[in-house]
Structure formats: structure tokens, C-alpha cells
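Peer 1: 3D model of this:
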Amino acid sequence: NLQAARITKCLCVVKYLQTGFAMKNIIATFFH
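Peer 2: Numbers count the residues shown, from 1 in each chain. Coordinates of the predicted model:
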């Protein structure tokens, strides 16, 4: 299903961005 694949891809991107923000916050906290 093309739409299901598109939704899965979108969720992967969102999770990747959330992880990136979390890592950025952790790094900012340690090296403040």
C-alpha cells in the first residue's frame, strides 16, 4: 500500500527529528 509506506516514512522522519532535538538538548545541557 503506497499510502501506508508514505505514512511510515513520515513517522520515521518525525522520530529522527525528535531524536536529533533530544540529542541537541542533552549536548546543550552537558556543555553549557
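Peer 1: can we go C-alpha only for contacts and neighbour counts from here?
Peer 2: Will do.
Peer 1: burial count for residue 15?
Peer 2: Using other Cα atoms under 10 Å, residue 15 has 12 other residues around it.
Peer 1: report the separation between it and residue 21.
Peer 2: For residue 15, the distance to residue 21 equals 10 Å [Cα to Cα, to the nearest Å].
Peer 1: would you map the helices across this protein?
Peer 2: 2-30 (DSSP state H).
Peer 1: any regions of it where pLDDT drops low?
Peer 2: Applying pLDDT under 70 to the chain flags no residue at all.
Peer 1: change it to 80
Peer 2: Low-confidence segments of the chain, defined by pLDDT under 80: 32.
Peer 1: residue at max distance from the center of it?
Peer 2: Farthest-out residue of the chain from its mean C-alpha position, per Cα atoms, centre = their mean: residue 1, at 23.5 Å.
Peer 1: from residue 12, how far off is that residue?
Peer 2: 17 Å.
Peer 1: how about residue 25?
Peer 2: Counting by Cα to Cα - residue 25 and residue 12 are separated by 20 Å.
Peer 1: go on, residue 3?
Peer 2: 14 Å.
Peer 1: those two: which has the busier surroundings?
Peer 2: A count of neighbours by other Cα under 10 Å puts residue 12 above the other of residue 3 and residue 12, at 12 against 8.
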